[in-house]
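Colleague: Provided below for reference: sequence and predicted model.
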Amino acid sequence: MKYTDHVIGFSDHGIRRLKWIAPMTSERFDRGLSLLRHLKSTQLLLLIELGKVASLRKAASALNMTQPTATKLIQDLEAAVGHPLFERSSRGMRATPYGEVMIRHARLMQMEIVRTREDLDSLSSGASGTLRIGAVISAVPFLLAKAVAALKREHPGLQVSIDAGTSDALVGSLLNGHLDVLLARPIVLGDRNDFDYVDLIDEPLKVVGRRDHPLASRSSVTVRELGEWPWTLLPAGSPMRKVLAPVFAEMRLSGPQNIVETSSMMTMVALMHESDMLAVMPGDVSDFYIRHNLLVEIPVTLPAVMGSYGIVTRRDRPMTPGVEAFLTQLQTALQEQRRIRAELTSDG
């Protein structure tokens, strides 16, 4: 497989190409190549350090070079770029907008070198590359698990790592090169143009509790009644808590008053088993625990506030073979998920 220069999206008919990234013109390529010829690895490392400490003396010390040497490296780089990269003052060195661009790309180049080393090590050990996936917890029990399991059956030598968390925490990892692809909610992307986003699936929310919870035997529960019970919730400021604001408003409260916050779904389940706490979980997550007789759904209808999640990729990075293979399996899992939901709706 080859690296691709298009963005991949999904439709009912399978994978489709959403758009082609404009090819680099000869002039742009030549200008980039000219800058590359002038770059030194020590300049990149110095940029990265300056982004951390904003002090030429400290950055030079961290790299075991003298301050005059560091000064000369920055001056040469500014001459090559044609723009001032730092503003000097008695309080240190502050990056200009041009300097911030250079620091960001120096970090990305550092991550690409690390990735190159990882790929070389993988090949030497008999593996066939690496794939680093980030995903919101909603995607893990069904779509992600099925897609990765199928991917490993087809490509057993591909080394796969998965980082599960909240969308806001994972977007930064994708941007700095620690992740190759992300399944996340668009609410955290805003109007940024660093990413491409392809919608996957809407996610309903369910209220759950332990199997013998007092509300479990009720035929129906109102949203307002939920405010009377203890809760375990994702931390304040997380995307889930933000979209739950309309639900809490319906309770005529700023939110449940008796809560335990945690970012761990396992902790939530354990707390519910030991108490009358309730939790709100995405449909696929709650269905997983209900299916394994760990939790029960509380019979209350929540407003459709969670929205969808989808595929997030970096716009300036080509699609790797590992990402392409993963997205192919993700499409298969998505079709199965839609079929199951259609059957459940029909049965209901």
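Modeller: Noted; the coordinates are in hand.

Colleague: buried sites along stretch 172-180?
Modeller: Buried residues in stretch 172-180, counted by 16 or more other C-beta atoms under 10 Å: 174-175, 177-180. For every residue, glycine as well, the C-beta is placed using N, CA and C.

Colleague: which stretch of helix or strand covers the residue of the chain most remote from its centre?
Modeller: Farthest-out residue of the chain from its mean C-alpha position, per C-alpha atoms, centre = their mean: Pro68, at 40.7 Å. In this assignment (DSSP states H and E), Pro68 forms part of helix 67-81.

Colleague: just Gly157 next, same as before
Modeller: With DSSP H and E as the test, Gly157 turns up in no helix or strand.

Colleague: and the buried residues of stretch 172-180 as CSV, adding distance to Ala135 and pLDDT?
Modeller: Below are the buried residues of stretch 172-180 laid out as CSV (distance: C-beta to C-beta, whole Å; pLDDT from 0 to 100):
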residue, distance to Ala135, pLDDT
Leu174, 11, 90
Leu175, 16, 84
Gly177, 17, 83
His178, 14, 87
Leu179, 9, 92
Asp180, 12, 91
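
Colleague: Closest to Thr328 out of those residues?
Modeller: If you rank the buried residues of stretch 172-180 by distance to Thr328 using C-beta to C-beta, Asp180 comes first, at 14.6 Å.

Colleague: isn't that closest one right up against Pro321?
Modeller: No - Asp180 is beyond contact range of Pro321, at 10.7 Å (criterion: C-beta atoms under 8 Å).

Colleague: Which secondary structure state is assigned to Leu143?
Modeller: Secondary structure state of Leu143, per DSSP: H, G, I helix; E, B strand; the rest coil, is helix.

Colleague: cool, and Met268?
Modeller: Assignment for Met268 (three-state DSSP): helix.

Colleague: gap between it and Met277?
Modeller: According to C-beta to C-beta, to the nearest Å, Met268 stands 8 Å off from Met277.

Colleague: Tyr309 now?
Modeller: Going from Tyr309 to Met277 by C-beta to C-beta gives 25 Å.

Colleague: now the end-to-end length of stretch 212-231.
Modeller: End-to-end distance for stretch 212-231: 16 Å, by C-alpha to C-alpha, to the nearest Å.

Colleague: Now do that stretch: everything it contacts.
Modeller: Residues from elsewhere that reach stretch 212-231, judged by C-beta atoms under 8 Å, 6 or more residues apart in numbering: 207, 209-210, 247-248, 250-253, 256-260, 272, 275-279, 296, 298-302.

Colleague: Now list the buried members of these.
Modeller: Buried among those by 16+ other C-beta under 10 Å: 207, 209-210, 247-248, 251, 256, 272, 277-279, 296, 298, 300, 302.

Colleague: Looking at these, which one is closest to Ile113?
Modeller: Distances from Ile113 to those, taken by C-beta to C-beta, are shortest for Ala279, at 42.5 Å.

Colleague: ok, now which ones touch Pro282?
Modeller: Residues near Pro282 by C-beta under 8 Å, 6+ apart: 136-138, 203-206, 306.

Colleague: So which of those are in strands?
Modeller: Applying DSSP state E to the contacts of Pro282, the entries found in strands are 136, 205-206.

Colleague: still on that earlier bit, quick one: the residue farthest from the centre of the chain from Ala60, how far?
Modeller: In this view, Pro68 and Ala60 are 9 Å apart by C-beta to C-beta.

Colleague: rewinding a little: is it possible to export the ones in strands among the contacts of Pro282 to CSV including pLDDT and neighbour count?
Modeller: Shown next, in CSV, are those (pLDDT from 0 to 100; neighbours: other C-beta atoms under 10 Å):
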residue, pLDDT, neighbour count
Val136, 88, 24
Leu205, 85, 21
Lys206, 89, 21
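
Colleague: Export the residues you listed as a markdown table, with columns for distance to Leu189.
Modeller: Shown next, in a markdown table, are the ones in strands among the contacts of Pro282 (distance: C-beta to C-beta, whole Å):
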| residue | distance to Leu189 |
| --- | --- |
| Val136 | 13 |
| Leu205 | 21 |
| Lys206 | 25 |
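
Colleague: between those residues, which is nearest Met111?
Modeller: Val136 (22.3 Å).

Colleague: Verify the contact between the closest one and Ala164 for me.
Modeller: Yes - using C-beta under 8 Å, Val136 makes contact with Ala164 at a distance of 7.5 Å.

Colleague: where does Val260 land in three-state SS?
Modeller: Assignment for Val260 (three-state DSSP): strand.

Colleague: partners of it in the sheet?
Modeller: Thr232 (DSSP bridges).

Colleague: try Val312
Modeller: Leu182, Tyr197.

Colleague: which among the ones in strands among the contacts of Pro282 gets closest to Arg37?
Modeller: Proximity of the ones in strands among the contacts of Pro282 to Arg37 (C-beta to C-beta) peaks at Val136, which lies at 42.2 Å.
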